[in-house]
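Colleague: The sequence and its predicted three-dimensional model are supplied below.
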Amino acid sequence: MAFTVVLRPRARADIRNNADWLEATQGLRAADRWRTGLLTAVIPALEADPNRYPQADEAGDLGLDLRELLHGRGRQVYRVLFTIDGETVYVHRVRHATQDRLQPGDI
């Protein structure tokens with residue numbers, strides 16, 4: 001079964017902000033490589049089988065079946081935080097792994 005992936009507004013803003021930061025600190029190529037990886041690896045993985053990814057640490061605190069997929073390597077690991085509703089995957093946030101845990105108002 002193929003799932004439909006929907007990027008929520010905050011996730012779109014996170015992607016834009018993360019790419020802008022990468023461009024400012026590491027250059028346009030790094031930002032493009034990160035964004036391309038997100039679109040060519042993460043989105044297809046969520047379309048194929050989002051249930052294989054574990055619950056995020058803060059899922060219980062938020063009262064959601066919030067899951068996470070880690071994207072990147074080394075010091076550039078990002079958490080793709082999402083929920084599944086039927087055949088739709090909602091990506092809520094894309095945050096650097098070192099950022100604080102999500103709070104109720106962050107989704």
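Modeller: Cool, the structure landed. Residues are numbered from 1 along each chain as shown.
Colleague: from the middle of its chain, how far away would the single longest helix found in the chain be?
Modeller: The longest helix of the chain (DSSP state H) is helix 9-26. In terms of C-alpha atoms, centre = their mean, to the nearest Å, the centre of helix 9-26 is found 12 Å from the chain centre.
Colleague: neighbouring contacts of that helix?
Modeller: Around helix 9-26, the neighbours that count as contacts under C-beta atoms under 8 Å, 6 or more residues apart in numbering are 7, 30-31, 34-35, 38, 76, 78, 91-96, 106-107. The way it works is simple: take the backbone N, C-alpha and C, and place the C-beta from them, glycine included.
Colleague: Please repeat the previous calculation with a cut-off of 6 Å.
Modeller: Helix 9-26 is contacted by residues 30-31, 34-35, 91-94 when judged by C-beta atoms under 6 Å, 6 or more residues apart in numbering.
Colleague: go on, stretch 43-62?
Modeller: 2-3, 5, 66-69, 81, 84, 89, 101-102.
Colleague: in this protein, which spans are strands?
Modeller: All strands of the chain, identified by DSSP state E, fall at 4-7, 67-73, 76-85, 88-96.
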